[in-house]
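Participant: need coordinates for the following:
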Amino acid sequence: MFKQLRDIFRRAEPEEEHPELSFDGIPSWLDSREEEIARGLEAATASSRDAISATLVSLREAVARMETAETDDDTHPRLRDISRKTLPGFTRSMSQILSREPSGDPETFYATAAEILKGVLKTMKGQGKYLSSVYPGEVRELRDAVRDLGREVNAMTEAIGRARERRKQVEGVREAYEAIVRIRDDYAAVSANLRDQAAAIGELEDAIRKAGEGLAALRDHPDYARKIELEERIREIRAKEEMVGREIGSLRSTAAHLLRKAGKVAERSGDRAAVAAISLAVEAEEGIEAAMPVVLDMVRRGDLALKNQEEIRLFSDPETLPAALRDAIERGRDLEMERKKEEAALAALQVVVEEERLRAALPDLQKRREVAIAAKARAETRLESLRAEYARECENLRSRMMGFEARVTIVDLPPQP
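Facilitator: Numbers count the residues shown, from 1 in each chain. Here you go, the predicted structure:
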């Protein structure tokens, strides 16, 4: 019964309410938090800053009094002498350190005050250690003031540390917010690029398909039969050119072999005219006709032997070899002219012009398609990475916002792209 009554009249615990904030309102909310932190730090350090300024005034006055202070007569003469020599340097150092006046915002003020405290402590432990026995009252006054200065600087240290921690918290939220905005912008840009690449791939594949269809359709072109005829004719001419080329090569090879042998015979006999004529024939075909009588004379004398039927045929009289060469070369030239004429006729056909255009376009189209496919794959990979990064940063933002004392909830966090 008592338990039931207690449950009826027990005060219900209020449910904890979390302030709500829109995503777009985060920057201004963070700005207000930073202003609040600055105001709080200003208020938290006001008394310490006033105390530090007053303590520095006291320290400056104490140092000024030491400059004219009298030594204790009971002090050992040697210690008194050391102190008198040390005192000017001590007061000069202290005056220089204390000449600075802390000012500005709390953190700037604190930085200056901390440097002054550090310098004063260093001087007190250095030059000041010899003065406490000779100037006990003055040194005690200095130490008391320095202690007060240290206490207030330490108080500011704690307040500034708390403010910096809160600023760090605010900065963490700002970084998370900016990361989400950046990711969404990047996602939109990469998505647009992905659409562009997909469209480009479609256009290029369509162009490649049309080029292939165009090549296939050329078989029905009115000029196609003529194209086949000309190509066959050009192949026949090329075959004949090759035969003539082999014929010319054989004639030149046989002639060069026998002429070199004849040149050696002429050199052994000392016949300079024969050597000159044969040398010219070896270097240029135009000289063969002039060298033939010299070579045939060597054959008749038995100085130059003909080894096979081809040599006998070509060197049986002065006209056969030069005539055979002229005839073969002329036939080669005629065939070349005929081939070029047919090639020009082939190149002028509309079906050939179109075929060359399509075949030239295909490699470029295929290469561009490969580039677009690779770019599309990179964009897809990047989008997947951005989605994962977005999820992490959203969770990071929620966590950081709940980390504030007020445990703020974001009501309209943009959905994952």
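
Participant: give the buried residues for stretch 179-192.
Facilitator: For stretch 179-192, a neighbour-count test (16 or more other C-beta atoms under 10 Å) marks Ala179, Ile180, Val181, Ile183, Asp186, Tyr187, Val190 as buried. Yep, even glycine has a C-beta here, placed from its N, CA and C like the rest.

Participant: closest to Met292 among those?
Facilitator: Within the buried residues of stretch 179-192, proximity to Met292 (C-beta to C-beta) peaks at Val190, which comes in at 83.1 Å.

Participant: model confidence for the closest one, exactly?
Facilitator: pLDDT, Val190: 95.

Participant: also Val134?
Facilitator: Per-residue confidence (pLDDT) for Val134: 70.

Participant: and the one helix or strand Pro363 maps to, what other elements does it pack with?
Facilitator: Element membership for Pro363, per DSSP states H and E: helix 350-402. Applying 3 or more C-beta pairs under 8 Å, 6 or more residues apart in numbering; DSSP states H and E, we find helix 350-402 packed against helix 136-217, helix 224-269, strand 409-410.

Participant: redo these as JSON lines? Include distance to Thr91.
Facilitator: Output for the helices and strands packed on helix 350-402, formatted as JSON lines (distance: least, C-beta to C-beta, whole Å):
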{"stretch": "helix 136-217", "distance to Thr91": "10"}
{"stretch": "helix 224-269", "distance to Thr91": "111"}
{"stretch": "strand 409-410", "distance to Thr91": "61"}
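
Participant: of those, which shows the lowest average pLDDT?
Facilitator: strand 409-410 (a mean of 76).

Participant: distance between that strand and the chain's centre?
Facilitator: In terms of C-alpha atoms, centre = their mean, to the nearest Å, the centre of strand 409-410 is found 39 Å from the chain centre.

Participant: within its sheet, name the partner strands of that strand and how each one runs.
Facilitator: When pairs are called by DSSP bridges, strand 409-410 turns out to pair with strand 20-21 (parallel).

Participant: relative to helix 136-217, how tilted is the following helix or strand past the partner strand?
Facilitator: Remark: after strand 20-21, the chain's next helix or strand is helix 26-66, criterion DSSP H and E. Here helix 26-66 runs at an angle of 150 degrees relative to helix 136-217 (axes from the mean of the first three to the mean of the last three C-alpha atoms, to 10 degrees).

Participant: just how off-centre is helix 26-66 within its chain?
Facilitator: Worked out by C-alpha atoms, centre = their mean, helix 26-66 lies 47 Å from the chain centre.

Participant: show me what that helix is packed against.
Facilitator: Here helix 26-66 touches helix 77-98, helix 106-125, helix 136-217, going by 3+ C-beta pairs under 8 Å, 6+ apart.

Participant: and of the ones you listed, who's closest to Glu384?
Facilitator: That would be, of these and by C-beta to C-beta, helix 136-217, which comes in at 10.2 Å.

Participant: so what does that closest one touch, helix or strand wise?
Facilitator: Secondary structure elements in contact with helix 136-217, counted by 3+ C-beta pairs under 8 Å, 6+ apart, are helix 26-66, helix 106-125, helix 350-402.
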